[in-house]
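# Build me a model:
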Amino acid sequence: MTPELTALALAGLLQMAQFILFAVPANMELGTRYTSGPRDRPPERPFSTLTGRLQRAMNNHFEGLILFSLAVLVITVSDQSTPFTAACAWAYLGARILYIPAYAWGWRPWRSAIWTVGWCATLGLMLAALI
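You can find the predicted model right below:
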């Protein structure tokens, strides 16, 4: 398996971990009666600040993971794995790991800087596939 695919698999596991980090407190705050139901109406009370941030961090990773997956797919299928693309893949994963506490604890301006590292790593992968 290429380093890029390994990073992608770990990013998928990270997304699952983020779901758990969000879902446990969300269930505790809203109750399973609401969270196991159809959710036709918004909850009666909002999430706590931390739970809301964990949800937004999780959703942000879903968005970033789409682009990262595309980049890894293109690199892998076109057999263009290089030390540069491997470094980009690991930089993405490292940034996404750091992004969780940065968002949860409101690290300013570091949250945005960490997000930018992950975005630039994905951009690097895409550009490397085209060069």
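# Burial check on Phe68, number of neighbours?
Neighbour count for Phe68, taken as other C-beta atoms under 10 Å: 26. C-beta here means a position set from N, CA and C on the backbone, and glycine is covered the same way.
# same question but for Ala102, I mixed them up
Ala102: 21 neighbours (other C-beta under 10 Å).
# Could you measure from it over to Trp110?
5 Å (C-beta to C-beta, to the nearest Å).
# can you check Gln55 too?
Applying C-beta to C-beta, the value for Gln55 to Trp110 is 20 Å.
# Those two: which has the busier surroundings?
Gln55 (19 against 15).
# Touching, the more buried one and Thr49? I think so.
No. Taking contacts as C-beta atoms under 8 Å, Gln55 lies outside contact range of Thr49: 11.0 Å.
# Determine the set of other helices and strands touching the helix or strand hosting Cys88.
Assessed by DSSP states H and E, Cys88 sits inside helix 83-104. Under the contact criterion of 3 or more C-beta pairs under 8 Å, 6 or more residues apart in numbering; DSSP states H and E, helix 83-104 touches helix 3-30, helix 49-77, helix 110-130.
# which residues touch the helix or strand bottoming out on mean pLDDT in the chain?
Every helix and strand of the chain was ranked by mean pLDDT, DSSP states H and E. The lowest is helix 32-35, at a mean of 85. Under the criterion C-beta atoms under 8 Å, 6 or more residues apart in numbering, residues Ala23, Ala26, Asn27, Pro43, Glu44 lie in contact with helix 32-35.
# Equivalent analysis for stretch 8-24, please.
1, 35, 51, 54-55, 57-58, 61-62, 65, 68-69, 72, 89, 92-93, 96-97, 100.
# Just the buried residues of these.
Among the contacts of stretch 8-24, those buried by neighbour count (16 or more other C-beta atoms under 10 Å) are 51, 54-55, 57-58, 61, 65, 68, 72, 89, 92-93, 96-97, 100.
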